[in-house]
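# what shape does this take:
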Amino acid sequence: MPNDPHFPASLQQFIREHITSGAQLEALLLIAIASDDAKSGIGWTVTEVTAELRSERNLMATALRSLAESGLLVATEASSGSELRYRYVPATDNLRASVEAISRLYRERRHVVLGIIYAPPAKPPSPAIDSARAFSDAFRLRKPNSDRED
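Numbers count the residues shown, from 1 in each chain. Coordinates of the predicted model:
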């Protein structure tokens, strides 16, 4: 699933870089979609997101903090001692476009998006394995080339 031809590589890369769980994506999309709403001016607290998504508070606190650190949300403190409020303010136009595209794809092909989120990271080929393969290939028996004259 991670190499789905209908799922752009740039969006797969965005997910790998910014999204660590389905719950985190749900929180991002909740805040991003609501950004057109009157609530966007004041933002969302961890408590509000937790209640809306019926999730676990510590999970949402970690998710929102991570999204803010990656430039997708902005965290502000309304008054001293109050809970942080998170607003959808992507740091770049590319981030905004990626979130919009992910939002559409998540509505249409949720299983593919979740598959990419939870797929194990691709392992680069090991130089040791490549060397061993090259060495063993040197001893591979090959049929003689019929057009070659010995």
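# show me the shaky parts of this structure.
By pLDDT under 70, the weakly predicted segments of the chain are 1-6, 36-40, 80, 122-150.
# which stretches of it form strands?
Here the chain has its strands, by DSSP state E, at 73-77, 84-88.
# and those strands: which comes nearest Leu59?
strand 84-88 (14.4 Å; Cβ to Cβ). C-beta here means a position set from N, CA and C on the backbone, and glycine is covered the same way.
# which strands or helices does that closest one pack on?
Counting contacts by 3 or more Cβ pairs under 8 Å, 6 or more residues apart in numbering; DSSP states H and E, strand 84-88 packs against helix 22-33, helix 46-53, helix 57-69, strand 73-77.
# let me have these in CSV, extended by mean neighbour count and distance to Ala119.
Converted to CSV, the helices and strands packed on strand 84-88 look like this (neighbours: other Cβ atoms under 10 Å; distance: least, Cβ to Cβ, whole Å):
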stretch, mean neighbour count, distance to Ala119
helix 22-33, 20, 12
helix 46-53, 17, 23
helix 57-69, 18, 19
strand 73-77, 16, 24
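# go through those and name the closest to Arg110.
helix 22-33 (8.8 Å).
# tell me which of the strands of the chain sits nearest to Leu64.
strand 84-88 (5.0 Å).
# measure the closest residue to Gln12 other than its chain neighbours to Ile19 for me?
The shortest distance from Gln12 to any non-neighbouring residue, by Cβ to Cβ, 6 or more residues apart in numbering, is to Ile116 (5.5 Å). Using Cβ to Cβ, to the nearest Å, we find Ile116 at a distance of 9 Å from Ile19.
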